[in-house]
Every structure is written in C-alpha cells, then in structure tokens.
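Asker: have a look at this prediction, sequence included:
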Amino acid sequence: MSKQVEGQVEQIESKTLSGSIERRAGCRVIIEAEATPAAVEKAYKDAIKAINKQVSLPGFRKGKAPSEVIVERFEKYVDSQWRDNVIQNAFSDALKAADVMPLNRDAVEKPVVERCSREEGAKLRFELETQPVLPSIDPATLTFEEITPEPVEDEAVESMVHDMLVYHADFEDIEGRVVAAGDYVEVDIFELTEVHEGDEEGEAGDNEKQVATDKRFEINEKKMALWMHKLLVGKNVGDSVEGMSEVDADATDEQKESFVAHKFKITIKTLKKILLPELDDAFAKKVGANTVEDVRVNVRGRLEAEASMHAQDKMKNQALDALATAYDFDLPASLLEAERQERIKGRIRQLKEKGKSDEDIKAQESAIETEVAEETNKALRIYFLTRKIASDENISVTEEDIHHELLKQVWGLPLDQKTLQALTQDSGVTSRLAANILNDKVKAFLVDNRKS
C-alpha cells in the first residue's frame, strides 16, 4: 500500500457538522469543521444545565433554577462552558466523521474557533498528529522461503547423551597437578570495571562484581569460551587469573558486531575428575527410558523438535520482513523521531562500551543515522501491522499464556516461591511478556496463512 498523498483533502460530514480533513506527512491532519446551529444551540443548553448543577441560589433547589436566571447571574461562566462544549463536541464528532484518532494527548494543538454563534453555528480548526491509517492486510499475499529443519546428526545425539551422563556423574578431587584438558573446575567469576580517581565507587583500580559462584566447567574448547580455556589451562587450584573476553571465531556476523569485550577475574576453587555412570539399561531407566536405544531415540526426538522450532523461528522472522516490505504507510513523525533518537543513543552507548573514541563514533555518525532511520521505520511499521492483525484476527494473550512463558524463562534459576510470585505481579514484567507472546502468535499466524 502506498503512503498517504501529501496535502490530500477529503470531505467529512455528520449530523452535527460538515467540513474537510487535509492529510499531511507524518500523520498530521488539519480538520476544518462547521458545526450546525442546532449542535451549537444544544451545547449552549447543556452549558446552562452544567452551571445550574454547580451553583446554589436562594429559593431554588440545586440544579432547578430557571435557565434565564442562570444566564443572567452567571453569563460569563455559561459562555465559557458553552464554548468548551462546542469545541469538545465538534472535535469528537469530527474525529468520528474523519475516522482518525489522536496519537496521544499531547498530539492535539490548541483549537482555533473562527466563529461561535447560536444563530449561524460554529466554525473551528483542529490540527493534530494521528494514529497511522493502516491498510487491509492479506497474509496470503506474503511470499517467503520455506525453511526445512536441519537433519539431526548422530554426533549431536551422542553429544547430548554424553551431557546426560555428565549431569548424573560423580566427581573426585584432583591434587598435585595443574588444570589440563578434560578436567572439570569449579570457579568464581568476577567482572572487573575500571575505577578512576574521583569516581563514586572508590579508589582508582578495578571494581569487582561477582557474576558466578562455584560455576562448573569442563576444560574443553568446544564446551567453553576459548579465551577462558586459555586462561585456565596450566593453572593451579587457588589461582586467580584475569583476562578480556573475546568473541568466538565461529560466531555469526551479527554476534561479532554486537559483541562487547569485558574484563574478568576467575578464581579456581576446585579441580575434579569426572566419574561417568555406565551407559546401560539401568541408566536408561534412571532417565525415563527402558533401554539405551530408547534414550538415543528420545534424544533424537528432542533435537528434531528443536531443529523444527529453529526453522519455524526463521520463517516467523521472514514473515515480519515480508510484512514490512509489502505494506508501507505513513508513520507519526513525533513517534518516529523519538524512537530514532533512542536507537541512536543505544548505538553510541554500544560503541563506547567497545572502547571507541569520540572521533571514531563521529566518523560513523552518518552511517549510524542512515541505518537507524531504516530500522526504526521498519520496526514501527511491524509494530502497528502486527497489532492490527491481532485485532482483526482476534489473536489475544491469556493469563495462562503469560504464566507459562514466565515459568519457561525462569526455569532452572534459583528462585523461591515468593520471588516468582512477585514477578507474576510485576506489571512491567507481565506487559513485556504479553507483548512478546502476542508478537509470536501473530508471526505464527502469518506463517500458517502465507501464500502457498
């Protein structure tokens, strides 16, 4: 769908008014409205009634004084209330006739009243920023690639079976030698941040923040970050080593781009040898299967389900890209600019965390602004389009959905019942979960109803 034509004027009409709406870029509109004499007269009578209910006059019950007396005694207040009524009624009726909604309370400028007469009616001018005019959406027109789940290799199955054995293994201490490949260590990990003279944190040096306690790692290049592997091999129990985190060589381009190096201190607390249980039918029964072969079958099924989910997630993201490409429409300028500025601040903050100088950041300024402008426009269009689809297709989020998602996200974390209960009652947490769930449901709808 193409964007709204700049300066396009449409006529509007209702029982109480007639006029026009001029649409401008950035979802701004100017509404010229003429309220009928009957509508203005009604607003006048309603004003008298409103003032009548607010005042007390000797000899009359509250709200029961004759209209002429109210006008005579409180003409200034009646006129003020009358003009307010005319503006409010005309604005509300004009919005309905034009089928637009203000973006928010701050989006409406002060109305201009060119005429307000009981005999001739009223002429008013409203200028505001509106919610975007959204197109009708047909998922069947969206085209994107069908993604087949990656096949599960035997090596992956055996690796997961091995992890199950490790989970149920026993460990014994190793004494008299340094850390070597194949060992297991338990460590405390601290993130180190540099403190300068005069900082609130204290004296100059490194400020420590503990991020892990008694964390167990297998000394294996495939099971841990390579930079950590290099730091620990050859060290003794009780040693503390420091180093900078590094992005893995096999990380995706996106991961490499967003990676921020941090300084860590790692203290080696124990060095252990693993004592794996036998992979036999007795172990199989311990993990809910009957035979070793059943264990492998179950593991393969889990891995295939994960592969299928991964492929589905890729298709869902493709669906959003296709949606944003297929439907272009005008966005509220103030919302677009506010979001753009927030994203630019985020990009600059990331660059500073990576150690980039002000000169480096300035050199990238133009590229950042171009990229952010494109991604902001796309993100906001996706936001409005997915909400429209949810409304049109009656896609909603239940309390059960939110509870299930929360449990899934905190699974494995050491949370007590009180903390979990507090999370379920945190409106910020539940709102974010609800938004993510709704977004995922809409993506699934698009995938299921795409062009075949």
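Answerer: Everything's here; your move. Residues are numbered from 1 along each chain as shown.
Asker: does residue 28 touch residue 126 like I think?
Answerer: No. In this structure, residue 28 is not within contact of residue 126 by CB atoms under 8 Å, at 11.2 Å. Yep, even glycine has a C-beta here, placed from its N, CA and C like the rest.
Asker: ok, and the closest non-adjacent residue to residue 150?
Answerer: Closest residue in space to residue 150, ignoring its immediate chain neighbours: residue 307 at 5.1 Å, by CB to CB, 6 or more residues apart in numbering.
Asker: wait, isn't that neighbour in contact with residue 149?
Answerer: Yes. If you go by CB under 8 Å, residue 307 and residue 149 touch, sitting 4.0 Å apart.
Asker: Three-state assignment for residue 124, please.
Answerer: At residue 124 the chain is in strand, as set by DSSP: H, G, I helix; E, B strand; the rest coil.
Asker: go through the helix or strand encompassing residue 88 and flag the buried ones.
Answerer: Taking DSSP states H and E as the criterion, the element that holds residue 88 is helix 75-98. Neighbour-count burial for helix 75-98 flags 77-78, 81-83, 85-87, 89-91, 93-95, 97-98 (criterion: 16 or more other CB atoms under 10 Å).
Asker: one more: stretch 299-313?
Answerer: The neighbour-count check on stretch 299-313 (16+ other CB under 10 Å) flags 299-300, 303, 307 as buried.
Asker: stretch 142-149: end-to-end distance?
Answerer: 21 Å (CA to CA, to the nearest Å).
Asker: list the buried ones in it?
Answerer: Quick answer for stretch 142-149 (16+ other CB under 10 Å): 142, 144, 147, 149.
Asker: where does the last one land on pLDDT?
Answerer: Spelled out, that is residue 149. We have a pLDDT of 95 for residue 149.
Asker: can you tell me the SS state at it?
Answerer: Secondary structure state of residue 149, per three-state DSSP, is coil.
Asker: check contacts around it.
Answerer: 304, 307-308, 310-311 (CB atoms under 8 Å, 6 or more residues apart in numbering).
Asker: nearest to residue 207, of those?
Answerer: Nearest to residue 207 among those: residue 310, at 38.7 Å, using CB to CB.
Asker: wait, the closest one sits on residue 152?
Answerer: No. In this structure, residue 310 is not within contact of residue 152 by CB under 8 Å, at 11.4 Å.
Asker: quick one, which of residue 28 and residue 126 is more surrounded?
Answerer: It is residue 126, of residue 28 and residue 126, that has more neighbours when counted by other CB atoms under 10 Å, with 23 against 19.
Asker: what about the closest residue to residue 284 other than its chain neighbours, how many neighbours?
Answerer: Nearest residue to residue 284, sequence neighbours excluded (CB to CB, 6+ apart): residue 295, at 4.9 Å. Number of residues near residue 295 (other CB under 10 Å) recorded here: 24.
Asker: and the longest helix anywhere in the chain, what does it pack onto?
Answerer: Of all the elements of type helix in the chain, the one with the most residues (DSSP state H) is helix 292-326. Packing partners of helix 292-326 (3 or more CB pairs under 8 Å, 6 or more residues apart in numbering; DSSP states H and E): helix 154-167, helix 281-286, helix 365-392, helix 427-448.
Asker: the inter-axis angle of that helix versus helix 365-392?
Answerer: With axes from the mean of the first three to the mean of the last three CA atoms, to 10 degrees as the basis, helix 292-326 and helix 365-392 are set at 100 degrees to each other.
Asker: what ranges do the helices span in the stretch 101-250 of the chain?
Answerer: Using DSSP state H, counting those that start in this stretch, the helices of the stretch 101-250 of the chain run over residues 154-167, 226-232.
Asker: kindly export the helix or strand residue 264 falls within (C-alpha atoms) in CSV.
Answerer: Following DSSP H and E, one finds residue 264 within strand 263-275. Extracted C-alpha coordinates of strand 263-275, given in CSV (Å, rounded to 0.1, in the frame of the first residue of the first chain):
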residue,chain,number,x,y,z
LYS,A,263,37.5,-7.8,31.8
PHE,A,264,37.1,-10.8,34.1
LYS,A,265,38.8,-12.3,37.1
ILE,A,266,38.4,-16.1,37.5
THR,A,267,39.3,-17.8,40.8
ILE,A,268,39.9,-21.6,40.6
LYS,A,269,38.3,-23.2,43.7
THR,A,270,38.4,-27.0,42.9
LEU,A,271,39.9,-29.3,40.2
LYS,A,272,38.0,-32.5,39.7
LYS,A,273,37.9,-35.7,37.7
ILE,A,274,34.6,-36.9,36.3
LEU,A,275,33.3,-40.4,37.1
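Asker: direction included, what does that strand pair up with?
Answerer: Strand pairing for strand 263-275, using DSSP bridges, gives strand 170-173 (antiparallel), strand 184-195 (antiparallel), strand 240-244 (antiparallel).
Asker: most tightly packed of those strands?
Answerer: strand 184-195 (a mean of 17; mean count of other CB atoms under 10 Å).
Asker: where does pLDDT dip in this protein?
Answerer: 1-6, 195-206, 412-415, 452 (pLDDT under 70).
Asker: walk me through the domains of it.
Answerer: 8-129, 170-275, 394-452 (automatic domain parsing).
Asker: nearest to residue 335, of the ones you listed?
Answerer: Closest among the domains of the chain, using CB to CB: domain 8-129, at 6.6 Å.
Asker: which one of the contacts of residue 149 is nearest residue 32?
Answerer: Checking these one by one against residue 32 (CB to CB), the nearest turns out to be residue 311, at 54.1 Å.
Asker: does the closest one touch residue 145 like I think?
Answerer: No. Because the distance of 10.5 Å does not satisfy CB under 8 Å, residue 311 is recorded as not touching residue 145.
Asker: for residue 299, see how far away residue 149 is.
Answerer: From residue 149 across to residue 299, the span is 16 Å (CB to CB, to the nearest Å).
Asker: picking up where we left off before, now distance to residue 369 too, for the strands paired with strand 263-275, in TSV please.
Answerer: Below are the strands paired with strand 263-275 laid out as TSV (distance: least, CB to CB, whole Å):
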stretch	distance to residue 369
strand 170-173	54
strand 184-195	30
strand 240-244	30
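Asker: out of these, flag the one nearest residue 68.
Answerer: Closest to residue 68 of those is strand 184-195 (CB to CB; 76.8 Å).
Asker: contacting residues around the closest one?
Answerer: For strand 184-195, contacts defined as CB under 8 Å, 6+ apart pick out 171, 179, 201-219, 232, 242, 262-274.
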